[in-house]
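S.K.: give me a model of this one.
(chains A, B and C)
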Amino acid sequence: MPELPEVETIARTLAPEVVGREILGVSAPDPSALQPSLAGFAALAAGRRIVSVGRRGKLLLIALDNQGVIGVHLRMTGRVTTCGPDQEPDRPRAVLALSGGQRLCFADVRRFGSMHAFGPGEIEAWPFFASLGPEPLGLGAAEFRARLGQGRARIKALLLDQHVVAGIGNIYADESLFRAGIRPDAPACGISPRKRDGLLAAIQTVLAQAIAENGSSIRDYRDANGDAGAFQNHFKAYGRGGKPCLACGETMRVARVAGRSSTFCPHCQRGGGEAAVLCSAPPHKS
DNA sequence: ACGGATTCCTGATGGC
DNA sequence: TGCCATCAGGAATCCG
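M.R.: Predicted coordinates:
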């Protein structure tokens, strides 16, 4: 599942393959992959030259020479890869033919993802893009503390909420909470400023390490060259339900939090548990 | 208004 | 062996 480190890795591996090339044509075995439509996408993208490849949250951004941009939502199983004229792309939903015989392929078995083409200045008006929270890497402690708020929402739900912070998904939420010693179901109102600072530090450490390892490959994720990442070998929480905690040996538990399976150590992650008292009193405001 | 639950989609997996 | 239920999850949307 591509989250921030995976999308960052795709951007870095895709850039040298496509930057400087012109988009010659657009084809789509599954036209629903393209927004606003196959014809609309082609009108915005064809004839444009790719000038850079970047990322915002989990959104892959392919910048065009007219200030337009292609935004790619990979969701769960989306893949963006390149393939030359002699290679057959594996079940692509959409293919961009590029100059020099290169092709950019978008495949996505579960079909949750999509590619959006935008004209100059249009993406800033896209509600999804405009409402994204700040990037977690480089985010200041004071702002992070404030963005979590004092509500009763569970901390994991907040980490997964792209309006709060952009780029974190189920894997890195579990890994960060483990390293910070906070239960995934802890309400925000019970997490002290000190704990919040520790959580941000854990998030930044985990994301940076995952980027350095080219992301995590559970089953679907591959970079633009088709290569897997390696950070799955460093998981301490995700996917370790029923196994002994790597820190204390206690059996890791799995619970449903924020609609996601969440793995945590009941011993190491007690932070926020004391919040039941702090949050129980209803906000008596007149 | 806020926060939880549901929905979309298909392949992998486990139980019988 | 084969079938069927279950699970995976990002984000929009629905619901209490």
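S.K.: show me which residues of chain A are close to DNA strand C?
M.R.: Residues of chain A lying near DNA strand C by C-beta under 7 Å from any atom of the strand: A:1, A:3, A:57-59, A:73, A:75-77, A:110, A:112, A:127-128, A:160, A:162, A:169-171, A:238, A:254, A:259-261. For the C-beta atoms, the positions are set from N, CA and C on the backbone; glycine is no exception.
S.K.: so which of these sit within helices?
M.R.: Those of those mapping onto helices are A:127-128, A:160, A:170-171, per DSSP state H.
S.K.: ok so, going back, of the residues of chain A next to DNA strand C, just the buried ones, PyMOL syntax please.
M.R.: The PyMOL command for the buried members of the residues of chain A next to DNA strand C (criterion: 16 or more other C-beta atoms under 10 Å) is given here:
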select buried, chain A and resi 1+3+57+58+59+73+75+77+160+162+169+170+171+238
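S.K.: so is the helix or strand where A:S176 lies next to DNA strand B?
M.R.: Using DSSP states H and E, A:S176 sits in helix A:170-180. No. Against DNA strand B, helix A:170-180 shows no contacts by C-beta under 7 Å from any atom of the strand, the least distance being 12.3 Å.
S.K.: which other helices and strands contact that helix?
M.R.: helix A:155-160, helix A:193-212, strand A:260-264 (3 or more C-beta pairs under 8 Å, 6 or more residues apart in numbering; DSSP states H and E).
S.K.: in CSV, list these along with distance to A:A15.
M.R.: What follows is the helices and strands packed on helix A:170-180, written out as CSV (distance: least, C-beta to C-beta, whole Å):
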stretch, distance to A:A15
helix A:155-160, 28
helix A:193-212, 15
strand A:260-264, 31
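S.K.: just name the most buried of the ones you listed.
M.R.: Each of the helices and strands packed on helix A:170-180 was scored by mean neighbour count; the highest is helix A:155-160, a mean of 24, by mean count of other C-beta atoms under 10 Å.
S.K.: so who does A:R56 touch?
M.R.: A:129, A:132, A:135, A:166 (C-beta atoms under 8 Å, 6 or more residues apart in numbering).
S.K.: looking at these, which is nearest A:L98?
M.R.: A:F129 (24.3 Å; C-beta to C-beta).
S.K.: my guess is the closest one meets A:L59, correct?
M.R.: Yes. Using C-beta atoms under 8 Å, A:F129 is in contact with A:L59, at 7.1 Å.
S.K.: what's the overlap in contacts for those two?
M.R.: Contacts common to A:F129 and A:L59, judged by C-beta under 8 Å, 6+ apart, are A:G71.
S.K.: residue of chain A closest to DNA strand C, please.
M.R.: Per C-beta to the nearest atom of the strand, A:G169 is where chain A lies closest to DNA strand C, at 3.0 Å.
S.K.: counting neighbours, what do you get for A:P16?
M.R.: If you count neighbours by other C-beta atoms under 10 Å, A:P16 ends up with 12.
S.K.: OK, contacts around it?
M.R.: Listed by C-beta under 8 Å, 6+ apart, A:P16 has no contact partners.
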